[in-house]
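In: From the sequence below, what's the structure:
(one chain, ligands or ions: 1)
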Amino acid sequence: MNHLPLAAALLALAPFTAQAQQAGEPGTPYANMNHLAPIGVRNDRYLTVPDAAKGPPIDPAKGYRTEDLGGGTYMVTDNGYSSMFVVYETGVVVVDAPPSYGAHLLAAIREVTDRPITHLIYSHSHADHIAATPLLGKVPVIIAQEETKRLLIEARDPNRPLPTLTFKERYTLKAGSKTIQLSYPGYGHSPGNILIHVPSAKVLMVIDTVFPGWMPWRRLALAQDITGLFRIMHEIEGMDFDKLVGGHVERWGTKADVIQQLEFMNDLKAAAATALKTTGIGEELDAADKTNPWAVYDNYIDRVVVQCMNTLEPKWRDRLGGYDAFIWDQCFAMEQSLRID
Ligand SMILES: [Zn+2]
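Out: Numbering: from 1, shown residues only. Model prediction:
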């Protein structure tokens, strides 16, 4: 491994250190500082994305790709977002309407069938996955978990109309000969985030939870309950499916992707736990700051995270797409969760 990134980072800090370390400004790097660009520092060149993370290309003239997942289920994606629809004898069940390609979603469905959209299922309440709903026209039935409805009432967003049908734990939607099983495993990513399972097609959709081939989005995809996220990942691992629609990145996932992400999450947890135990409080801290509790813990947490970073890098940096983009976030999120959950 070359040491250019570290040299570049030190060079970038040079103007600050030259000013005799003004209070509040960047100072000397920690003794074992990891070389990957920290949060808030420009990354001139990100790590190469591994082939295993990549999906088929998007035709720029279309702006989306539709993929037949079998058994009447289809994934729509722009390689940033993804959603699903299920075609049955007399209609279409749509799951999510991401604004990212919302203007093309109806066209994507019409490429496959001219049957009417009879149902829309919201995976969860977040705008980036459902706020293109009005572009589908009037949909008779909108289904969501009851927590999603509660959050949408609070959001008062005209682009996210309220569900017309809610459930608490489970709901089985029969659409012609198709059965779609909805279940709520409790929350990890957000309240109301559900599993959408088409058993006959062996397709599972769960959003903002599994990122096939990629580092999860920052701070474990902004999981509101990290303990819950681990529990839900194990539940997903035990389900019967061949293809997983995850809501983000370039391709659908498999059971192997779920297992790999769990392995990464367990390594992250172990690395953060060890770092919390073995990092001394108050070391590498200016004596004048030792009575400032926020300073003491900012310094401690930084050094815990640096150790977490150093532990994970050899095994994971070339295995997950976007490793360097969000690994600092993952170490911060994990050590905070271990301290309070
Ligand atoms: Zn979300």
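In: how many other residues sit next to the residue of the stretch 51-200 of the chain found nearest the ion?
Out: Of all residues in the stretch 51-200 of the chain, the one sitting closest to the ion is residue 126 (3.4 Å; Cβ to the ion). For the C-beta atoms, the positions are set from N, CA and C on the backbone; glycine is no exception. Close neighbours of residue 126, defined as other Cβ atoms under 10 Å, add up to 23.
In: now do the same end-to-end measure for stretch 198-209.
Out: 18 Å (Cα to Cα, to the nearest Å).
In: Identify each buried residue in it, please.
Out: By 16 or more other Cβ atoms under 10 Å, the buried positions in stretch 198-209 come out as 198, 201, 202, 203, 204, 205, 206, 207, 208, 209.
In: Return the subset of those residues lying in helices.
Out: Judged by DSSP state H, helices contain none of those.
In: Of the residues you listed, which are in range of the ion?
Out: residue 208 (Cβ under 5 Å from the ion).
In: closest to residue 286 among the buried residues of stretch 198-209?
Out: Checking the buried residues of stretch 198-209 against residue 286 with Cβ to Cβ, the nearest one is residue 208 at 40.2 Å.
In: Keeping just the C-alphas, turn stretch 142-158 into CSV.
Out: Presented in CSV, the C-alpha positions along stretch 142-158 are these (Å, rounded to 0.1, in the frame of the first residue of the first chain):
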residue,chain,number,x,y,z
ILE,A,142,-52.4,2.0,-0.6
ILE,A,143,-51.1,-0.4,2.0
ALA,A,144,-48.6,0.3,4.8
GLN,A,145,-47.7,-0.7,8.3
GLU,A,146,-49.5,1.4,10.9
GLU,A,147,-46.3,3.2,12.1
THR,A,148,-45.8,4.4,8.5
LYS,A,149,-49.3,5.9,8.5
ARG,A,150,-48.5,7.7,11.8
LEU,A,151,-45.3,9.2,10.4
LEU,A,152,-47.1,10.2,7.2
ILE,A,153,-49.8,12.0,9.2
GLU,A,154,-47.0,14.0,10.9
ALA,A,155,-45.2,14.6,7.6
ARG,A,156,-48.3,16.2,5.9
ASP,A,157,-46.6,15.7,2.5
PRO,A,158,-49.0,15.8,-0.5
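In: re earlier: just the closest of the buried residues of stretch 198-209 to residue 69, please.
Out: Within the buried residues of stretch 198-209, proximity to residue 69 (Cβ to Cβ) peaks at residue 203, which comes in at 5.2 Å.
In: Now residue 171: closest residue in space that isn't a chain neighbour?
Out: residue 182 (4.5 Å; Cβ to Cβ, 6 or more residues apart in numbering).
In: which residues touch the closest residue to the ion within the stretch 201-341 of the chain?
Out: Distances between the stretch 201-341 of the chain and the ion by Cβ to the ion are smallest at residue 208, namely 4.0 Å. Contacts for residue 208 (Cβ atoms under 8 Å, 6 or more residues apart in numbering) come out as 124, 126, 129, 189, 190, 193, 217, 221, 222, 246, 247, 248.
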